[in-house]
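>>> okay, predicted coordinates and the sequence, questions at the end:
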Amino acid sequence: MSSHNKETVSFEFKPDDFLMAENHSIGIDRVYPAQSYWKDVLSSFLKNKGAAAGFIAIVFVIFMAIAGPYMNGYTYNEQIIANQNLAPRVPVLEKWGIMDGSETMSTSTGKVTVNRYIDSKKTTGLEKTYYWFGTDVLGRDMFTRTFMGTRISLYIALVAVLVDMCFGMSYGLISGYFGGAVDNAMQRFAEILNGIPTLVIVTLLMLVLKPGLATITLALAITGWIGMNRVARAQVLKLKEQEFILASRTLGAGDFYLIFKEILPNIFGQLIIMSMFSIPNAIFTEAFLAFIGLGVPAPLASLGSLISDAFKSFTTHPFMIISPVVVLAVIMLSFNMLADGLRDAFDPKMKEM
Amino acid sequence: MKRYIVKRICISAATLLVILLILFLMLELMPGSPFNDEKLTQSQVALLNAKYGLDKPVFIRFLNYVKNMLSGDFGVSYTISKNTSITTLLSTRLPISIRIGGQAVLMGTVVGLILGLIAALNHNTILDTLTTVISVLGVSLPSYVFALGLSYTLGYQFKWFPLLYQQQEAVKSSVLPTISLAMFTVATVARFTRTEMLEVLGSDYMLLAESKGLPGWRLILIHGLRNALIPIVTVLAPLVVSLMTGSLVVEKIFSIPGIGSLLVTAIQSNDYNVIVTLAFIYSAMYIGIMLAVDILYGLIDPRIRLAKEDDYEQS
């Protein structure tokens, strides 16, 4: 010890021995005004640009699906054979050289640009005719048909949400709430149904019933609810042991009051997200069925059957396939972005599913 | 673990049996009989019925049916190619579909992992945004949109790849179908890898590994990606479904002689026997893959296995 005292050990501090903590790690309390749950959800939803864009796109598509088929004089099933395979022509845009009714065709001698609306050598009778998205092989207006098809896709979206909300939700809630043998039986049934590919269920249904909107709706109703059932059940299992349920039960609340008035409002956010995610899936299934020829019967059109029809002539007239593909892509994209945004808004902790 | 596997296998077997029952009932309830020649007398029909075991009770016939289906005796095709046994029809088509599906899974997973890694390592940069855009597009667009786009540009305009499948050029002509099928897998895997990697990179053990001075690649691949991989296994089963439905359309677009295009043709020409057989094969493959994924998942991560066992005991 003594030796230590004799030696004077001196420390010298350099300027960079101690660093100031970085600004962001210094905790500064900020006070936020209290916000109600739904207000909070709304504000964080509006901050998400993708979700807001998706929402606006969906509103626009819905508007076009309602009003689009009446915007020009054509109907979706009126065939004008003389006007078949006409390229798109739009009044203002044609002056800029795009969508002016001309299309480039490759022939054996090379590429030729043809405009069947205007011909300098003769009158075609189509100088005053405008098909905004062109016509199909039977001379039907693609614009009207595309938005008639959009109606079907939106109807499918509605069916998906209804199936989820009515059947899947109740199934999961009841199964999770009662537990025990009820839950076991209900979940094993769902599991077995889930083990059969949707593709197989739909194909078999088509054998028994006629292809058409009703069959597609039925197929979606049979398979669409299983995912929602799982989410609802998992959420109920989390909540049902909590004190507020016990309190309500002590006050004499019955099972169904507890399920639908106490538990349901608490998990509604998650359920909305789940049903939003099932919309693109359902639209996808319909478009796929239509593509392999199991869609709505002609002359009705869905986006899938329009794509399927246009595919047959798509190397010669590629414009026919563009409008239904673009609308389908916009619908799918915007529902996906909306669902993503809603998930972040309702539950920031919830991870990608 | 054993308990878990046994339960999974039981459920899968039950599902397969339910499917067989549905298919059998559909065949039973269809009007008509195999012996509808007017020249046959009552006793001859009875003899024929006895010969093919059709006079037995329903239950025995169902057992026979299950035995036939499981041993690969599917009967003959009615309309597509008359009286050819379906087993011969399948023998050339099944390998093609499985090869293209396998290629798509492989390509989708590898590309998806790489994209997800790039996005996670360059979080909040232009690369990250680009990957997110790709994955949102891949999830949102049906595979036939990609198939049509690719076959129009690379196939029709640039003529790099054949527009339709050619048996002689099996490799070259399977490029476009594989890419269009893989897009959904790429998108989903990239999305999951990105989220999982971001979480893993922010964890304490990564900080520890970094402060121990591990080289960067080792840090990311051995310590990071390995842990991020586990949840990605969960998305494999849904991806198989999307591949199955996708293959129908993509095989039709590129006219690939696989089982997907066979099913489409069978549906359009009402070839009942072929549809039933393919429904069985699709279901069997699907159930097998789901079972494999579930067991694999339990083996990889004991936490999940325990949680699932708990789940089973609770329910």
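The structure has been received and is ready for your questions.
>>> how many residues are close by B:I222?
12 (other CB atoms under 10 Å in any protein chain shown). Every C-beta, even on glycine, is put in place using the N, C-alpha and C of the backbone.
>>> any idea of the pLDDT on it?
Per-residue pLDDT puts B:I222 at 73.
>>> shouldn't B:K56 be within a strand?
No. Under DSSP: H, G, I helix; E, B strand; the rest coil, B:K56 sits outside any strand and is assigned coil.
>>> separation between it and B:A50?
9 Å (CB to CB, to the nearest Å).
>>> and whatever residue of the stretch 101-250 of chain B ends up closest to chain A, what does it touch?
Closest residue of the stretch 101-250 of chain B to chain A, CB to the nearest CB: B:S140 (4.1 Å). Counting by CB atoms under 8 Å, 6 or more residues apart in numbering or on different chains, B:S140 touches A:P280, A:A329, A:M332, A:L333, A:N336.
>>> what about the nearest residue to B:Y65 once chain neighbours are set aside, which SS state?
Spatially, and ignoring its direct neighbours in sequence, B:Y65 is nearest to B:F24 (5.0 Å; CB to CB, 6 or more residues apart in numbering or on different chains). What three-state DSSP gives for B:F24 is helix.
>>> tell me the pLDDT at B:F24?
83.
>>> and what of B:V111?
Looking at B:V111, its pLDDT stands at 90.
>>> count of neighbours near it?
19.
>>> with adjacent residues omitted, what lies nearest to it?
B:V111's closest residue in space is B:V186 (CB to CB, 6+ apart), at 4.9 Å.
>>> what's the average pLDDT for stretch B:194-214?
So the average pLDDT for stretch B:194-214 ends up being 79.
>>> is stretch A:266-279 anywhere near chain B?
No. Taking CB under 8 Å from any CB of the partner chain as the criterion, stretch A:266-279 and chain B are apart, separated by no less than 10.3 Å.
>>> send me that stretch as PDB with only the CA atoms.
What follows is stretch A:266-279, C-alpha atoms only, in PDB (Å, rounded to 0.1, in the frame of the first residue of the first chain):
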ATOM      1  CA  ASN A 266     -62.100  -5.500 -28.800                       C
ATOM      2  CA  ILE A 267     -60.900  -7.600 -31.700                       C
ATOM      3  CA  PHE A 268     -62.700  -5.900 -34.500                       C
ATOM      4  CA  GLY A 269     -59.600  -4.100 -35.800                       C
ATOM      5  CA  GLN A 270     -57.800  -7.400 -36.500                       C
ATOM      6  CA  LEU A 271     -60.800  -8.900 -38.100                       C
ATOM      7  CA  ILE A 272     -61.100  -5.900 -40.500                       C
ATOM      8  CA  ILE A 273     -57.500  -6.300 -41.500                       C
ATOM      9  CA  MET A 274     -57.900 -10.000 -42.100                       C
ATOM     10  CA  SER A 275     -61.000  -9.500 -44.300                       C
ATOM     11  CA  MET A 276     -59.100  -6.800 -46.300                       C
ATOM     12  CA  PHE A 277     -56.400  -9.300 -47.000                       C
ATOM     13  CA  SER A 278     -58.900 -11.900 -48.200                       C
ATOM     14  CA  ILE A 279     -60.300  -9.500 -50.900                       C
END
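>>> ok so, going back, confidence score at the residue of the stretch 101-250 of chain B closest to chain A?
pLDDT, read off for B:S140, is 79.
>>> next, it: phi, psi?
Dihedral angles phi and psi of B:S140 (degrees, to the nearest 10) take the values phi -80, psi -30.
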